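Enquirer: next come a sequence and a model predicted from it.
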Amino acid sequence: MSKPVIISGEASETDSEDEFCLKTSNLMTQSVQGAVITGEDSESENENDASIASAISALHQSNVEEKRLDEKYDSLFHQKLREYNMRLHNNVESFCQNNINEAEKNLNGIDQHLLRSQLTLQGAATSLKSLSINSLTIKSKLHSLLSGKFLPNVKVNK
């Protein structure tokens, strides 16, 4: 299913711009099912009702065309082809879902491991900070001990 195309701007003012808009809108409606065009609002409520009605009729017409195509391709071969396509689609979808689930489990495991590592590193950082503080305290006490005089100066006379 395609996303709606949004074209912002003002409504056209001249005939040449109208022709250009008609050409581009015809090209867009061939590939896009819904389009939102922002710009000047309609002047009356009747215009809104008409545009809603035309959108509903366009959707209804596309549904009728799909039913005609289904009637045209309703042989046993096409039924089997649709069945195999659905089976292939389901297999691909389950394969992708399984891969995504496995990747999710792996990422959750890695995330748990990283959280444990982070807690370990935080504990180690705290321990290193306290070790640094203790070593600075020991250094200052050792410096004060070595700079102090243990023994008074003794003078020896001969």
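Expert: Cool, the structure landed.

Enquirer: all strands of the protein, in order?
Expert: 5-7, 35-37 (DSSP state E).

Enquirer: ok, of those strands, where does mean pLDDT dip lowest?
Expert: For these, the bottom mean pLDDT is recorded on strand 35-37, which sits at a mean of 54.

Enquirer: for this protein, which helix extends over the most residues?
Expert: What stands out as the longest helix in the chain, according to DSSP state H, is helix 76-147.

Enquirer: which regions of this protein sit below the pLDDT cut-off?
Expert: Counting by pLDDT under 70, the chain shows low-confidence ranges at 1-50, 67-71, 151.

Enquirer: now with 50, please.
Expert: Within the chain, the stretches with pLDDT under 50 are 31-32.

Enquirer: circling back to that earlier point, mind giving me the packing neighbours of the longest helix of the chain?
Expert: Judged by 3 or more CB pairs under 8 Å, 6 or more residues apart in numbering; DSSP states H and E, helix 76-147 has no packing partners among the helices and strands. C-beta: built from backbone N, CA, C; applies to glycine.

Enquirer: what is the burial count for R116?
Expert: 10 (other CB atoms under 10 Å).

Enquirer: try K80
Expert: 10.

Enquirer: that one: what's it in contact with?
Expert: By CB atoms under 8 Å, 6 or more residues apart in numbering, the contact list for K80 is empty.

Enquirer: return the distance of it relative to R87.
Expert: Distance, K80 to R87, using CB to CB, to the nearest Å: 10 Å.

Enquirer: ditto for I138
Expert: If you measure I138 against R87 using CB to CB, the figure is 76 Å.

Enquirer: again, but for S57
Expert: Applying CB to CB to S57 and R87 gives a distance of 36 Å.

Enquirer: could you count how many residues lie near H143?
Expert: Count around H143 with other CB under 10 Å applied: 10.

Enquirer: do A58 as well
Expert: Other residues within reach of A58, judged by other CB under 10 Å, total 13.

Enquirer: now swap in S57 and tell me
Expert: There are 10 residues near S57, going by other CB under 10 Å.

Enquirer: again with K155
Expert: K155: 5 neighbours (other CB under 10 Å).

Enquirer: likewise for A55?
Expert: Under the neighbour criterion other CB under 10 Å, A55 is assigned a count of 13.
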